[in-house]
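Engineer: Requesting a structural model of the entry that follows:
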Amino acid sequence: MGLFIGNGADAPLLSSISPKIPKDTFHLAYIVHFIFGVGFLLPGNTFITAVDYFSYIYPGVNINRIFTAVKMVVCFITVVIVLGWARKSSSYLRINIGLALFVASLLTVPIIDLAYVKGRVGLYNGFYVTVAAVVVCGVANGLFESGVVGAAGELPERYMQASGAGLAASGVIVSVLRIITKAIYPHDASGLRSSANLYFGVSIVIMVICLICYNISNKLPVIQYYKDLKTKAQEEEEENDKPYLSKSPWKSSLWDVTRRVKWLAFARFLIFVVTFSIFPGHITEDVHSRILNDWYPILLIACESLFNLVGMSLPAFYLIKNENVVVTASLARLLFYPLFLGCWYGPAFLQTEIPTATLTCLLGITNGYLANVLLILPPKTVPIQHAEAAGIVMVVFSNLGLSVGSIASWLWII
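Structural biologist: Numbers count the residues shown, from 1 in each chain. Sure, this is the predicted structure:
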């Protein structure tokens with residue numbers, strides 16, 4: 001019989017296998033997974049958050065839409081490749097290479113600014129190099145996210161929840177940085193360069209922290225325990241020379257794992273299509289306020305990021321485990337399209353700040369909660385030796401949704 005780490009009715013508890021599960025002393029493993037979550041999106045968020053700087057030196061370019069689409073598509077392709085080679089590749093190697101590439105991509109912008117652009121406007125060769133850095137960032141994101149989510153899928157639910165909360169926290173971090181820099185730096189070449197360098201400097205430091213934390217956390221007893229558990233389950237499966245759960249309607253293969261989680265994967269895909277076809281492109285470039293002026297998109301992004309963090313944190317207190325409810329709630333988010341269209345083309349009272357801000361907050365909190373639930377549930381529906389595969393499948397569908405959503409965001413300006 002195989003080993004499950006979920007809490008489903010048909011899943012045996014780990015305590016029935018071994019009562020000596022190591023304690024997560026000082027919640028170190030939880031904190032480290034939160035930091036990993038910050039690392040998922042922080043580099044990409046940094047490129048997008050520096051939109052004021054990039055828009056100033058590269059006028060006439062849709063920075064947010066281009067950077068988002070390039071990064072998401074490259075990340076999706078990378079994750080698909082990882083999925084095909086997951087059994088032959090090491091998550092340890094993928095995560096370390098991903099973090100190193102993150103640092104390299106983030107270093108590119110300050111170096112280009114210092115050595116070539118120097119705050120001058122219209123040097124589009126610098127833009128092309130920056131897009132190349134975004135491509136590297138996308139590759140890094142695919143390697144790092146697939147490795148961390150796959151590994152967290154083999155652990156109890158709380159560690160995946162921590163990663164999700166950290167992911168949302170990265171958005172809050174860059175939003176706060178953008179508010180601070182906009183308040184203290186002048187809106188000229190010097191001020192924009194200083195703010196951009198601050199964004200990238202902070203991100204580089206955090207990615208180095210992620211690199212150190214990962215290589216330390218790999219040796220924590222609680223992490224090692226579940227790794228050993230997976231290894232034993234794999235050995236049992238090989239000794240039996242047959243798929244685990246032979247009475248199950250699906251066999252232990254990548255295709256069967258995908259079939260098992262297909263509706264959850266579709267729901268996660270749909271969540272990100274809806275969110276990223278609206279945010280950040282539509283919210284940052286297509287809505288305007290006479291009262292708040294250029295502060296309006298910044299505050300809207302901060303609202304979305306903050307409520308996304310709230311939503312990502314809620315599964316720690318209440319986790320919906322009914323797949324039908326989660327999928328239905330994901331479909332219901334399609335209502336955001338007519339609602340946001342109303343804020344753009346509808347009656348005058350809908351085009352004011354309060355309705356738009358309210359919808360943005362709802363977009364964030366529903367995205368955060370449902371996305372995290374859909375990251376937690378799938379690995380718990382399969383044996384532990386296939387939890388990594390289930391996690392990577394969800395990452396594939398996540399990035400497919402992000403890619404489709406970021407490309408679909410262009411429809412708002414057609």
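
Engineer: quick one: the helix or strand harbouring Met312 to chain centroid distance?
Structural biologist: Using DSSP states H and E, Met312 maps to helix 295-313. Helix 295-313 sits 15 Å away from the centroid of its parent chain (C-alpha atoms, centre = their mean, to the nearest Å).

Engineer: Dump it to CSV, keeping only the CA atoms.
Structural biologist: Extracted in CSV, the C-alpha atoms of helix 295-313 (Å, rounded to 0.1, in the frame of the first residue of the first chain):
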residue,chain,number,x,y,z
TRP,A,295,-1.1,57.6,-8.2
TYR,A,296,-4.3,55.8,-9.3
PRO,A,297,-2.7,52.7,-11.0
ILE,A,298,-0.1,52.5,-8.2
LEU,A,299,-2.7,52.4,-5.5
LEU,A,300,-4.9,49.9,-7.5
ILE,A,301,-1.9,47.6,-7.9
ALA,A,302,-1.2,47.9,-4.1
CYS,A,303,-4.9,47.0,-3.4
GLU,A,304,-4.8,44.0,-5.6
SER,A,305,-1.5,42.8,-4.1
LEU,A,306,-2.6,43.3,-0.5
PHE,A,307,-5.9,41.5,-1.0
ASN,A,308,-4.2,38.8,-3.0
LEU,A,309,-2.0,38.2,0.1
VAL,A,310,-5.1,38.1,2.3
GLY,A,311,-6.6,35.5,0.0
MET,A,312,-3.4,33.4,-0.1
SER,A,313,-3.3,33.4,3.7
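
Engineer: what about the residue lying closest to Ile63 once chain neighbours are set aside, how many residues close to it?
Structural biologist: Once flanking residues are discounted, Ile63 sits nearest to Phe54: 4.6 Å by C-beta to C-beta, 6 or more residues apart in numbering. Bear in mind the C-beta positions are built from the backbone N, C-alpha and C, glycine included. Neighbours of Phe54 under the rule other C-beta atoms under 10 Å: 22.

Engineer: OK, contacts around Gly391?
Structural biologist: By C-beta atoms under 8 Å, 6 or more residues apart in numbering, the contact list for Gly391 reads Ser146, Val149, Gly150, Ala151, Ala152, Gly153, Met160, Leu375, Pro378, Pro379.

Engineer: for the fourth one, helix, strand, or coil?
Structural biologist: Applying DSSP: H, G, I helix; E, B strand; the rest coil to Ala151 yields a three-state assignment of helix.

Engineer: What pLDDT is listed against it?
Structural biologist: On the pLDDT scale, Ala151 is placed at 87.

Engineer: That one: neighbour count?
Structural biologist: Applying other C-beta under 10 Å, I find that Ala151 has 28 neighbouring residues.

Engineer: before we move on, the earlier item: need the contacts of Gly391 in TSV (columns: distance to Leu300).
Structural biologist: Formatted as TSV, the contacts of Gly391 follow (distance: C-beta to C-beta, whole Å):
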residue	distance to Leu300
Ser146	31
Val149	28
Gly150	33
Ala151	34
Ala152	31
Gly153	33
Met160	29
Leu375	25
Pro378	31
Pro379	34
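
Engineer: Let's see the pLDDT reported for Val103.
Structural biologist: If you check Val103, the pLDDT there is 96.

Engineer: should've said Leu270
Structural biologist: Looking at Leu270, the pLDDT reads 96.

Engineer: what about it, which SS state?
Structural biologist: Three-state assignment for Leu270 (three-state DSSP): helix.

Engineer: How about the backbone phi and psi for the residue nearest to Ile63?
Structural biologist: phi -70, psi -40 (degrees, to the nearest 10).

Engineer: quick revisit: closest one of the contacts of Gly391 to Ala332?
Structural biologist: For these, the minimum distance to Ala332 (C-beta to C-beta) is 19.0 Å, reached by Leu375.

Engineer: so Ala29, which of the three states?
Structural biologist: Three-state call for Ala29 (three-state DSSP): helix.

Engineer: So what's the residue count around the residue nearest to Phe36 when sequence neighbours are not counted?
Structural biologist: Excluding its sequence neighbours, the residue lying closest to Phe36 (C-beta to C-beta, 6+ apart) is Val148, at 4.8 Å. If you count neighbours by other C-beta under 10 Å, Val148 ends up with 29.

Engineer: what do you get for Ala408?
Structural biologist: By other C-beta under 10 Å, neighbour count at Ala408 equals 16.

Engineer: Look up which helix or strand it falls in, please.
Structural biologist: helix 387-408.

Engineer: CA atoms of that helix as CSV?
Structural biologist: Output of helix 387-408 as CSV, limited to C-alpha atoms (Å, rounded to 0.1, in the frame of the first residue of the first chain):
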residue,chain,number,x,y,z
ALA,A,387,3.0,14.4,-5.4
GLU,A,388,5.9,16.2,-7.2
ALA,A,389,4.4,15.3,-10.6
ALA,A,390,1.0,16.6,-9.5
GLY,A,391,2.6,19.8,-8.3
ILE,A,392,4.4,20.3,-11.6
VAL,A,393,1.3,19.6,-13.6
MET,A,394,-0.4,22.4,-11.7
VAL,A,395,2.5,24.7,-12.4
VAL,A,396,2.2,23.9,-16.1
PHE,A,397,-1.5,24.8,-16.1
SER,A,398,-0.8,27.9,-13.9
ASN,A,399,1.7,29.2,-16.4
LEU,A,400,-0.5,28.3,-19.4
GLY,A,401,-3.2,30.5,-17.7
LEU,A,402,-0.7,33.3,-17.0
SER,A,403,0.5,33.2,-20.6
VAL,A,404,-3.0,33.2,-22.1
GLY,A,405,-4.1,35.9,-19.7
SER,A,406,-1.2,38.2,-20.4
ILE,A,407,-1.7,37.8,-24.1
ALA,A,408,-5.5,38.3,-23.8
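
Engineer: ok so, going back, quick check, the residue nearest to Phe36 in contact with Gly164.
Structural biologist: No. Counting by C-beta atoms under 8 Å, Val148 stays clear of Gly164, with 11.0 Å between them.

Engineer: got the buried residues for stretch 46-65?
Structural biologist: Under the neighbour-count criterion of 16 or more other C-beta atoms under 10 Å, stretch 46-65 has 46-58, 62-65 buried.

Engineer: Correction: the previous question concerned stretch 259-268.
Structural biologist: Residues of stretch 259-268 classed as buried: Arg260, Val261, Trp263, Leu264, Ala265, Phe266, Ala267, Arg268 (neighbour count, 16+ other C-beta under 10 Å).

Engineer: next one: stretch 22-29
Structural biologist: Applying a neighbour-count criterion of 16+ other C-beta under 10 Å, one finds Asp24, Ala29 buried in stretch 22-29.

Engineer: which residues sit in contact with Tyr58?
Structural biologist: By C-beta under 8 Å, 6+ apart, Tyr58 lies in contact with Val121, Gly122, Tyr124, Gly126, Phe127.
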